[in-house]
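Enquirer: Could you look at this predicted model? Sequence included:
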Amino acid sequence: MNRKKITALVLAAAMVMPMGAAAVHADGSAVEAIKAAGEVVMTTNAEFEPFEYKDGEETVGIDCEIAEKIAEKLGVKLKIDDIDFDSLIPSLLAGKADFIAAGMTATDERRKNVDFSDNYFNASQTIIVKTDSDIAAREDLNGKVVGVQQGTTGDIYVTNEDGSGDITVKEVKRYHKGMDAVSDLMTGRLDAVVIDDFPARKLVEKNPDKIKTLDEALTEETYAIAVPQGSDLVDVINEVIKELNESGEMDEIVSKYITGEEEADSTAE
Ligand code: ARG
């Protein structure tokens, strides 16, 4: 092939390369591609108050505010796509987003497919039961019907597929929305729901006379933002997390959504 032909081929290839979301710049830099597109795309699952939830048409919450800071740092607009939680990693791998901010726990299993930023929040799995339930501790989940959000660490804990846990429930029911699991709990179709601690408290706040959380923490987890493996965007995200922690803005953001008694020192510094 002569040089002219090669140049023509390269140009043709460049024309069909995806532009905008998750395009990778000629030098392999996600950051450069995002700046060129003028937009950074975050995916989340907005069924997880206080981290991300719908306020009318808008998706709001702690993760959205952190994402806004990331976009600001990049000097671009933020676009938020709301999809099912168990589609987040496949969608990132398919190049449909630049990062996932979804109260996502950084697990070794997920690290096989994505890179995680530094941790920004400490969390745990919590049990929600009806106020008159006889379930008072973790062991009481044995033999019970338990609802979880599909594909979450709560699902993994309760399902106990690898047999590493000591709890064997009767049945795991999986939902796309934590709220739907809570509805089934209240109508008696479930004995308990296992979900992250702060979302659990938000769900209970809406029905305090019917349901409650148990104090026992089932797991210790940390939330981080996921990017495609090798993406240089992770450096920008880590810088933003560091700045938000050092300036006290992270605590300010968190206390906008988590107030009073429930406020805990959960920001991971
Ligand atoms: N922390 C849990 C996990 O990573 C649950 C996250 C659910 N997040 C959401 N936006 N629905 O599996």
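Expert: Yes, it's here.

Enquirer: quick one, what contacts the one residue sitting closest to the centre of the chain?
Expert: Among the residues of the chain, the smallest C-alpha distance to the mean C-alpha position (CA atoms, centre = their mean) belongs to residue 102, namely 1.9 Å. If a contact means CB atoms under 8 Å, 6 or more residues apart in numbering, then residue 102 has 43, 44, 45, 48, 51, 52, 63, 85, 88 as its contacts. C-betas here are computed from N, CA, C, even on glycine.

Enquirer: I'd like to know how many residues surround the fourth one.
Expert: Residue 48 is flanked by 26 other residues according to other CB atoms under 10 Å.

Enquirer: list the contacts for it?
Expert: 61, 102, 103, 178, 196, 199.

Enquirer: Identify the bridge partners of it.
Expert: Legend: beta-bridge partners of residue 48 under DSSP bridges are residue 52.

Enquirer: So which of the contacts of residue 48 reach the ligand?
Expert: When CB under 6 Å from any ligand atom is taken as the criterion, the members of these that contact the ligand are 102, 103, 196.

Enquirer: Need these in JSON lines (columns: secondary structure).
Expert: Formatted as JSON lines, the ones next to the ligand among the contacts of residue 48 follow (DSSP: H, G, I helix; E, B strand; the rest coil):
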{"residue": "102", "secondary structure": "coil"}
{"residue": "103", "secondary structure": "coil"}
{"residue": "196", "secondary structure": "strand"}
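
Enquirer: picking up where we left off before, restricted to buried residues, select the contacts of residue 102 in PyMOL.
Expert: Buried subset of these, written as a PyMOL selection, criterion 16 or more other CB atoms under 10 Å:
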select buried, resi 43+44+45+48+51+52+63+85+88
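
Enquirer: Of the contacts of residue 102, which ones also sit close to the ligand?
Expert: When contact is defined as CB under 6 Å from any ligand atom, the contacts of residue 102 meet the ligand at 44, 45, 48, 52, 85.

Enquirer: The first one reaches residue 54, doesn't it?
Expert: No - Residue 44 sits out of contact with residue 54 when judged by CB atoms under 8 Å, with a separation of 10.9 Å.
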